[in-house]
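> Can you look at this prediction? I've put the sequence above it.
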Amino acid sequence: MANWKTCPAIERHPLRVSGAWVFKGTRVPVSALFENLKAGASIDQFLEWFQGVDRWQVETVLDHELGE
């Protein structure tokens, strides 16, 4: 499992979204990305559905998860 503390594209605040990791500057949980990808959505679809999230954030999170 990735150490999310070192990922620059996300943040966590105890009083926002129940302390879940979210894409920086949004209230979109990182878990929403993985849930949607697992369900068959593309990155482009995710970005369309969650317009506050930038492509670089998604790519950074995926690279971080893969340890790159």
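Cool, got the structure.

> And whichever helix or strand His64 is part of, what's buried?
For His64, the host element (DSSP states H and E) is helix 55-66. Buried residues in helix 55-66, counted by 16 or more other Cβ atoms under 10 Å: 57-58, 60-61, 64. Every residue, glycine included, has its C-beta placed from N, CA and C.

> Just the CA trace of that helix, in CSV.
Extracted C-alpha coordinates of helix 55-66, given in CSV (Å, rounded to 0.1, in the frame of the first residue of the first chain):
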residue,chain,number,x,y,z
ARG,A,55,-5.4,14.9,-15.0
TRP,A,56,-2.0,15.5,-13.4
GLN,A,57,-3.5,14.7,-10.0
VAL,A,58,-4.9,11.4,-11.3
GLU,A,59,-1.6,10.5,-13.0
THR,A,60,0.3,11.4,-9.9
VAL,A,61,-1.9,9.2,-7.7
LEU,A,62,-1.7,6.3,-10.1
ASP,A,63,2.1,6.6,-10.4
HIS,A,64,2.4,6.9,-6.6
GLU,A,65,0.3,3.7,-6.1
LEU,A,66,2.5,1.9,-8.5
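
> Show me what it is packed up against.
Identification of packing neighbours for helix 55-66 by 3 or more Cβ pairs under 8 Å, 6 or more residues apart in numbering; DSSP states H and E yields helix 30-38, helix 43-49.

> Return the member of the buried residues of helix 55-66 nearest to Ala39.
Using Cβ to Cβ, Val58 comes nearest to Ala39 of these, at 15.4 Å.

> Can you give me the distance of the residue nearest to that closest one when sequence neighbours are not counted to Arg16?
Excluding the flanking residues, the one nearest Val58 by Cβ to Cβ, 6 or more residues apart in numbering is Ile43, at 5.6 Å. According to Cβ to Cβ, to the nearest Å, Ile43 and Arg16 sit 24 Å apart.

> More neighbours: which of these two?
Ile43 (15 against 11; other Cβ atoms under 10 Å).

> Now do the contacts for the more buried one.
37, 55, 58 (Cβ atoms under 8 Å, 6 or more residues apart in numbering).
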